[in-house]
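Trainee: attaching a predicted model along with its sequence, questions to come.
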Amino acid sequence: MRLESHSGHGQSPISVASDELKFNVDQRVDEMTNESSIIFTCEDVPLPTSIEFKYHYIQIIQTTSTTNHVSSYNEYVELTTTDNNEIPCVNLPSREAVKYKIYRVSQSGNRYHVTKTSDESEFITHNTMVDVNNLHRLALLANEVTSMPVPYLFRNKPSTHPTIEEAKETGIMTKYIKDNNGDQASCINKKINGLFFSATVDRRIHEPPVRSPFGDYRILVPPQYLLKFNSIPANIYFADFYCKKQGGRHHITLVLTKPGSAEDVYCKPRLLKLDINNNKFLYYDRICDQYCTDSSPNVEVLYTENIDLNEMRSKLGFLEKTVKSTGQSKPEGIPKNTSCTICNLPKNPSRI
């Protein structure tokens, strides 16, 4: 059913106006039940002055499967009544490409008059915790190497990048919103702030790679400086496993959060928390007294706090250097290669 399909076919039960509504999409997770829900939040709704007053909305939702194993299309039409600016979306599966349009309507008898409409917009439903666990299982299957010490977590950017120029002036490297790099259904895309570091080690020289695909300015931070906050261990979460092109190298995304921070609260019900002493991607080896990785895919670490460069410069082991650059990252990131059979989830998780 589409509203426009009623025109020209006799008297319509719905008449349409054109004033515009603006909505934000809030994908929530209940921390107690781990159940996901999607809420449309209207930006310009005055709260009702009477408890009897209700807003009526018609939402039209179209979904398409985002996986390459199953092609599916569905359309939903639902009348929603609410006394605030939040409109519950119809219950949707994870990892679906969604197009939606919402109409605010007033009712008179059995007829609806549309007073405002939204533009047609799009989003992708986030991975559930089950999806993240299954991505983690795929990432473990892709590991084929033995342990390697991680001497540094390092970050590359062009020396002319605005964040680097600001950091040189203020001494603070400020976190910013995570882009759309990686899995299109990742719950951290455009949702949390951070700074990306790499834990990748060149296994020939046991050091970070001498070249950078992301810019010529590099900071190298001993991992213990980022993995603890005043002797309190950071929380480490598994977030993503992906590749960018067929035959290209795979990547693991980890998130490091300060316990109790806004990013930590967001990640806790959505991502897989890892044991810093027992995981394959970035862990502390008590016997060797050093941080290590067992990962053959590149390990990326999204650190969700600002970096005080002046404080770091006072610490033993911190380095800043210029390296040979072979390119730079794209502002919006590079989406996951959906044709890869190694890092993509099937439509039915039981097939893993």
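Mentor: Yes, it's here. It should be emphasised that the depicted structure is a prediction, and the values quoted were computed from it without experimental measurement. Numbers count the residues shown, from 1 in each chain.
Trainee: show me which residues of stretch 246-256 are buried.
Mentor: The neighbour-count check on stretch 246-256 (16 or more other Cβ atoms under 10 Å) flags His250, His251, Ile252, Thr253, Leu254, Val255, Leu256 as buried. Every residue, glycine included, has its C-beta placed from N, CA and C.
Trainee: got a list of what the third one touches?
Mentor: Shown here is Ile252, whose contacts under the criterion Cβ atoms under 8 Å, 6 or more residues apart in numbering are Ala139, Phe238, Asp240, Phe241, Phe281, Ser295, Pro297, Asn298, Val299, Glu300.
Trainee: and the helix or strand containing it, which strands flank it?
Mentor: Following DSSP states H and E, one finds Ile252 within strand 250-257. Sheet pairing for strand 250-257, assigned by DSSP bridges, gives strand 235-243 (antiparallel), strand 298-303 (parallel).
Trainee: okay, those, which one's buried deepest?
Mentor: Mean neighbour count (mean count of other Cβ atoms under 10 Å) peaks for strand 235-243 among the strands paired with strand 250-257, with a mean of 25.
Trainee: quick revisit: contacts for the helix or strand following the strand holding Ile252, please.
Mentor: For strand 250-257, the following helix or strand on the C-terminal side (DSSP H and E) is helix 262-267. With contacts defined as Cβ under 8 Å, 6+ apart, helix 262-267 is touched by Ile188, Lys191, Ile192, Asn193, Gly194, Asn235, Tyr237, Ala239, Val255, Thr257, Lys258, Thr304.
Trainee: on that earlier part again, between the contacts of Ile252, which is nearest Asn156?
Mentor: Of all the contacts of Ile252, Asn156 sits closest to Glu300, with 11.5 Å by Cβ to Cβ.
Trainee: so what's that closest one up against?
Mentor: Phe196, Phe197, Ser198, Ala199, His251, Ile252, Thr253, Leu254.
Trainee: got the confidence number for the last one?
Mentor: Note for Leu254: predicted pLDDT of 98.
Trainee: in contact with the nearest residue to Lys315 once chain neighbours are set aside, which residues?
Mentor: Leaving out its chain neighbours, the residue that sits closest to Lys315 by Cβ to Cβ, 6 or more residues apart in numbering is Tyr225, at 6.0 Å. Going by Cβ under 8 Å, 6+ apart, Tyr225 touches Met312, Lys315, Gly317, Phe318.
Trainee: where does the prediction get shaky in this protein?
Mentor: 1-19, 47-51, 66-71, 347-352 (pLDDT under 70).
Trainee: can you give me the domain boundaries for it?
Mentor: Annotated domains of the chain cover 3-124, 129-351 [automatic domain parsing].
Trainee: just flag the most distant two among the buried residues of stretch 246-256.
Mentor: The widest separation within the buried residues of stretch 246-256 (Cβ to Cβ) is 20.1 Å, between His250 and Leu256.
Trainee: who are the neighbours in contact with the residue most central in space within the chain?
Mentor: In the chain, the centroid-proximal residue (Cα atoms, centre = their mean) is Ile188; its distance is 2.0 Å. Counting by Cβ under 8 Å, 6+ apart, Ile188 touches Lys178, Ala239, Asp240, Thr253, Val255, Cys267, Arg270, Leu271, Leu302.
Trainee: could you redo the last one with a cut-off of 6 Å?
Mentor: Lys178, Ala239 (Cβ atoms under 6 Å, 6 or more residues apart in numbering).
Trainee: re the thing from before, can the contacts of Glu300 go into JSON lines with extra columns for distance to Thr322?
Mentor: Below are those laid out as JSON lines (distance: Cβ to Cβ, whole Å):
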{"residue": "Phe196", "distance to Thr322": "19"}
{"residue": "Phe197", "distance to Thr322": "18"}
{"residue": "Ser198", "distance to Thr322": "17"}
{"residue": "Ala199", "distance to Thr322": "21"}
{"residue": "His251", "distance to Thr322": "25"}
{"residue": "Ile252", "distance to Thr322": "27"}
{"residue": "Thr253", "distance to Thr322": "26"}
{"residue": "Leu254", "distance to Thr322": "27"}
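Trainee: show me which of those residues is closest to Thr326.
Mentor: Ser198 (14.2 Å).
Trainee: and that closest one, how far is that from Ile236?
Mentor: Distance, Ser198 to Ile236, by Cβ to Cβ, to the nearest Å: 15 Å.
Trainee: same check, this time on Leu141
Mentor: Counting by Cβ to Cβ, the gap from Leu141 to Ile236 is 20 Å.
Trainee: before we move on, what about Glu120?
Mentor: According to Cβ to Cβ, Glu120 stands 39 Å off from Ile236.
Trainee: list the buried residues in whichever strand in the chain runs longest.
Mentor: For the chain, the strand reaching the highest residue count under DSSP state E is reported as strand 96-108. Neighbour counts using 16+ other Cβ under 10 Å place Glu96, Ala97, Val98, Tyr100, Lys101, Ile102, Tyr103, Arg104, Val105 of strand 96-108 among the buried residues.
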